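Asker: Attaching a predicted model along with its sequence, questions to come.
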Amino acid sequence: MKIKGYACKEQGGKIESYEYDPGELPADEVEVEVEYCGICHSDISMIDNEWGMSNYPFIPGHEAVGKIVEVGSRVSQDLIGQRVGVGWQTGSCNHCQNCGVGKNHLCLNEDEVQQTIIGRNGAWANRVRSQAKWTIPISDALDPATAGPLMCAGTTVWSPIRHYGVRPGMKTAVPGVGGLGHLAVQFLAKMGTQVTGLSTTRSKEENTRKLGATDFIATKESPEDLEKAAGRFDFILSTVSADVDWNAYINALAPEGTLVICGVPNAAISFMPFPLIVSEKKVGGGRAGSPSDTQSMMEFCATHNISPMCEQFDLKDINQALQHVRDGQARFRAVLKY
């Protein structure tokens with residue numbers, strides 16, 4: 001049976017109707033009937049071939065929620081009918097050193113790693129495929145209409161919070177209170193840290209405080225406030241995709257503090273090394289996590305009533321919705337309803 005969706009057929013092109021024959025379902029995969037799917041900036045990057053890895057035509061979409069309707073020969077039939085999420089990564093070798101210790105997201109066999117929309121068709125379609133291991137059960141406590149962005153934006157900020165050992169009582173900061181950042185603020189607040197939101201202006205301050213932040217810094221309107229924060233934060237999770245003053249962020253770290261970069265800036269990152277050396281500060285990267293990371297995030301969201309703030313669009317309005325995200329108008333995520 002052919003899968004019907006909406007594809008980009010050329011670099012930067014309009015999204016158009018498209019169908020394809022997916023072939024036989026691999027033994028370790030499942031096929032998911034899509035109910036909702038988010039629109040992520042990574043979809044736009046792939047549409048525009050910003051990373052030089054796009055192959056056209058392809059169907060974008062990697063924040064999907066739907067029900068398993070078919071399983072491969074090595075997958076239990078009991079999974080049919082289960083509501084699951086499908087994110088950016090949909091496969092790993094499952095036998096290398098990293099996969100063996102649960103770090104499947106860092107699989108060492110690059111040729112066996114499957115990304116939803118790199119060399120494969122994604123979830124802006126009636127169905128999408130994934131290794132069964134990489135589908136995450138969606139609890140009845142979560143609204144399927146808003147759960148999709150957790151599969152990318154959510155796990156991207158949740159995983160480094162776990163991996164870098166954030167603990168209750170820490171002083172934390174989130175530069176960029178957007179699609180990723182508004183989830184990071186909620187996670188950090190519910191974990192019991194003192195969260196400060198950072199944005200260029202105060203336009204997002206009210207929302208940020210409602211999400212759980214105890215403080216807010218407008219980095220362009222009141223740059224002196226960031227200067228006054230010198231040595232304050234144990235953990236800074238940067239979700240911005242713009243070029244910023246990285247020295248100012250490092251200066252705001254407490255001794256032994258950590259700056260984690262999740263957003264993808266346009267230019268090379270530059271900073272002075274001396275502040276890192278004398279105060280043993282650290283700079284690291286953060287990315288979407290393993291299936292177990294994402295599962296733990298889903299459970300945390302269900303327990304603490306955390307959900308993305310989403311705007312919903314009908315699938316037929318996909319190009320309008322995509323432009324809305326391109327223009328930076330989404331507050332804070334856009335989701336397609338099927």
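Answerer: Good, I have the coordinates. All values derive from a computational prediction rather than experimental measurement. Residues are numbered from 1 along each chain as shown.
Asker: is it fair to say His182 lies in a helix?
Answerer: Yes: according to DSSP: H, G, I helix; E, B strand; the rest coil, His182 belongs to a helix.
Asker: That one contacts Arg209, doesn't it?
Answerer: No: the pair His182 and Arg209 fails to qualify as a contact (Cβ atoms under 8 Å) at a distance of 11.7 Å. For the C-beta atoms, the positions are set from N, CA and C on the backbone; glycine is no exception.
Asker: Quick one: the helices in the stretch 151-300 of the chain, in order.
Answerer: Per DSSP state H, counting those that start in this stretch, the stretch 151-300 of the chain carries helices over the ranges 153-163, 181-190, 205-210, 223-228, 246-252, 274-279, 291-304.
Asker: Nearest to Ile236, out of those?
Answerer: Ile236 sits nearest to helix 246-252 of all the helices of the stretch 151-300 of the chain, at 5.7 Å, using Cβ to Cβ.
Asker: So which elements touch the closest one?
Answerer: For helix 246-252, the packing partners by 3 or more Cβ pairs under 8 Å, 6 or more residues apart in numbering; DSSP states H and E come out as helix 223-228, strand 233-238, strand 253-261, helix 274-279.
Asker: Show me the contact partners of the helix or strand harbouring Gln312.
Answerer: In this assignment (DSSP states H and E), Gln312 forms part of strand 310-314. Contact partners of strand 310-314, identified using Cβ atoms under 8 Å, 6 or more residues apart in numbering, comprise 38, 145-146, 149, 320-321, 324, 330-337.
Asker: Excluding covalently adjacent residues, which one is nearest to Leu79?
Answerer: Ile68 (5.0 Å; Cβ to Cβ, 6 or more residues apart in numbering).
Asker: and what of Ala302?
Answerer: The shortest distance from Ala302 to any non-neighbouring residue, by Cβ to Cβ, 6+ apart, is to Ala141 (3.9 Å).
Asker: just so I know, which of the helices and strands packed on helix 246-252 lies nearest Gly192?
Answerer: strand 233-238 (12.7 Å).
Asker: What strands flank the closest one, and is each parallel or antiparallel?
Answerer: Here strand 233-238 is paired, per DSSP bridges, with strand 171-175 (parallel), strand 253-261 (parallel).
Asker: Quick one: residues contacting the closest residue to Lys9 other than its chain neighbours.
Answerer: Sequence neighbours aside, Pro57 is the residue nearest to Lys9 in space, at 4.2 Å (criterion: Cβ to Cβ, 6+ apart). Residues counted as contacts of Pro57 (Cβ under 8 Å, 6+ apart) are Ala7, Cys8, Lys9, Glu10, Tyr18.
Asker: what about 10 Å?
Answerer: Each residue near Pro57 by Cβ atoms under 10 Å, 6 or more residues apart in numbering is listed here: Ala7, Cys8, Lys9, Glu10, Gly13, Glu16, Tyr18, Tyr20, Asn121.
Asker: how about the helices of the stretch 151-300 of the chain, which one is nearest Cys107?
Answerer: Closest of the helices of the stretch 151-300 of the chain to Cys107 is helix 291-304, at 11.6 Å (criterion: Cβ to Cβ).
Asker: For the closest one, what is the distance to the chain centroid?
Answerer: Mean-position distance between helix 291-304 and its chain equals 14 Å (Cα atoms, centre = their mean, to the nearest Å).
Asker: packing partners for it?
Answerer: Here helix 291-304 touches strand 83-86, strand 136-137, helix 144-147, helix 153-163, helix 181-190, going by 3 or more Cβ pairs under 10 Å, 6 or more residues apart in numbering; DSSP states H and E.
Asker: For Val128, find the nearest of these.
Answerer: Closest to Val128 of the helices and strands packed on helix 291-304 is strand 83-86 (Cβ to Cβ; 5.7 Å).
Asker: Pairing partners for that closest one, with directions?
Answerer: Next to strand 83-86 in the sheet, as set by DSSP bridges, lie strand 64-71 (antiparallel), strand 136-137 (antiparallel).
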